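S.K.: pasting the structure only:
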């Protein structure tokens, strides 16, 4: 509805106390059906005024990373029971579309060292049962940054990570050491990767054995065998790297660290019933 018609309808509604509707419609040359239709739309706008404000707040707080499904879940967490179709319509009306763009995964290096124990069974029954790892590259400001994280397949939580300006073995080894300092009991955990050179290195394999971690590797040239970590990288690049502009490499690293905290503790997941990874793990441990 145009701003002019909206104002006209509001004026007519206000003057109805003094004049008949017929006289007002004749004077303004506005059809009766048009008036009532516009009045109905205005009423609906008033009904959802507060809800629209909440939706704006959720979208702004999450930097445009949420679509209508996650916004709906966030509203439910706040005790507001609303149908996802209503949220979708209101977001469309307010031009609050998700800014995230889709990402295509990269096929890693090939080789054959360890068996594919995971075998695409990405479901874990408890925390720290199955982990996945890989290294991804970011090119910005005429430099390159490499991120190496470990993801818990139970809830998608980032267990540990290392950032480096070169893809070196130490980055991966330090990442594993950090993970084992955080998770004291690592015996029997499956750590899955692709067949990159880092994971074929004897020092890496020795470290896993010392920690009691079982090594699993994707089949030759099959990136789908490590789909969870590939999906995480796609999400990270869509929600951070492609979404924002960075002044420098240092600025990007700062934002990357901030995103890690946001992802673990704030960003809700549909498959985790509207909870963040940490919330989901904490809740499962309380139940257990």
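M.R.: Alright, I've got the coordinates. These figures come from a predicted structure and were not determined experimentally.

S.K.: Quick one: the strands in the protein, in order.
M.R.: Using DSSP state E, the strands of the chain run over residues 130-133, 136-140, 143-152, 158-164, 190-193, 214-217.

S.K.: Turn those into JSON lines, columns for mean pLDDT.
M.R.: Output for these, formatted as JSON lines (pLDDT from 0 to 100):
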{"stretch": "strand 130-133", "mean pLDDT": "96"}
{"stretch": "strand 136-140", "mean pLDDT": "93"}
{"stretch": "strand 143-152", "mean pLDDT": "96"}
{"stretch": "strand 158-164", "mean pLDDT": "97"}
{"stretch": "strand 190-193", "mean pLDDT": "94"}
{"stretch": "strand 214-217", "mean pLDDT": "94"}
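
S.K.: need the helices for this protein, in chain order.
M.R.: Per DSSP state H, the chain carries helices over the ranges 3-15, 21-28, 32-47, 49-61, 68-77, 84-93, 169-182, 197-200, 202-210, 227-236, 249-265, 277-287.

S.K.: Okay, angle between the last one and strand 158-164 too, please.
M.R.: Looking back up the chat, that one is helix 277-287. Helix 277-287 and strand 158-164 are oriented at 150 degrees to each other (axes from the mean of the first three to the mean of the last three C-alpha atoms, to 10 degrees).

S.K.: tell me how far helix 277-287 is from the chain's mean position?
M.R.: Chain-centre distance of helix 277-287: 18 Å, with C-alpha atoms, centre = their mean, to the nearest Å.

S.K.: Dump the strands of the chain into JSON lines; add mean neighbour count and distance to residue 67 as well.
M.R.: Placement of C-beta: from N, CA and C, glycine included. As requested, the strands of the chain are exported to JSON lines (neighbours: other C-beta atoms under 10 Å; distance: least, C-beta to C-beta, whole Å):
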{"stretch": "strand 130-133", "mean neighbour count": "26", "distance to residue 67": "25"}
{"stretch": "strand 136-140", "mean neighbour count": "15", "distance to residue 67": "23"}
{"stretch": "strand 143-152", "mean neighbour count": "20", "distance to residue 67": "22"}
{"stretch": "strand 158-164", "mean neighbour count": "19", "distance to residue 67": "22"}
{"stretch": "strand 190-193", "mean neighbour count": "24", "distance to residue 67": "29"}
{"stretch": "strand 214-217", "mean neighbour count": "20", "distance to residue 67": "33"}
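
S.K.: what's the closest of the ones you listed to residue 200?
M.R.: In terms of C-beta to C-beta, the element of the strands of the chain nearest to residue 200 is strand 214-217, at 8.3 Å.

S.K.: Quick check: which helices or strands does the closest one pack against?
M.R.: Taking 3 or more C-beta pairs under 8 Å, 6 or more residues apart in numbering; DSSP states H and E as contact, the helices and strands that strand 214-217 lies on are strand 190-193, helix 202-210.

S.K.: measure the closest residue to residue 193 other than its chain neighbours to residue 242 for me?
M.R.: Excluding the flanking residues, the one nearest residue 193 by C-beta to C-beta, 6 or more residues apart in numbering is residue 199, at 4.4 Å. Using C-beta to C-beta, to the nearest Å, residue 199 is found at 27 Å from residue 242.

S.K.: neighbour count winner among the two?
M.R.: Set residue 199 next to residue 242 and count neighbours by other C-beta atoms under 10 Å: residue 199 wins out with 27 against 13.

S.K.: Surely the more buried one touches residue 218?
M.R.: No. Residue 199 is beyond contact range of residue 218, at 9.6 Å (criterion: C-beta atoms under 8 Å).

S.K.: Common neighbours of the two, please.
M.R.: residue 193 (C-beta atoms under 8 Å, 6 or more residues apart in numbering).

S.K.: Share the number of residues neighbouring the residue lying closest to residue 270 once chain neighbours are set aside, please.
M.R.: Nearest in space to residue 270, with sequence neighbours left out and distances taken as C-beta to C-beta, 6+ apart, is residue 69 at 5.8 Å. For residue 69, the count of nearby residues is 15 (other C-beta under 10 Å).

S.K.: now swap in residue 29 and tell me
M.R.: Residue 29: 6 neighbours (other C-beta under 10 Å).

S.K.: before we move on, what about residue 188?
M.R.: Residue 188, neighbours per other C-beta under 10 Å, totals 10.

S.K.: Sort out which residues of stretch 9-25 are buried, please.
M.R.: With burial defined by 16 or more other C-beta atoms under 10 Å, the residues of stretch 9-25 counted as buried are 9, 12, 24.

S.K.: Format the residues you listed as CSV; extra columns: distance to residue 121 and pLDDT.
M.R.: Formatted as CSV, the buried residues of stretch 9-25 follow (distance: C-beta to C-beta, whole Å; pLDDT from 0 to 100):
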residue, distance to residue 121, pLDDT
9, 60, 74
12, 65, 83
24, 70, 83
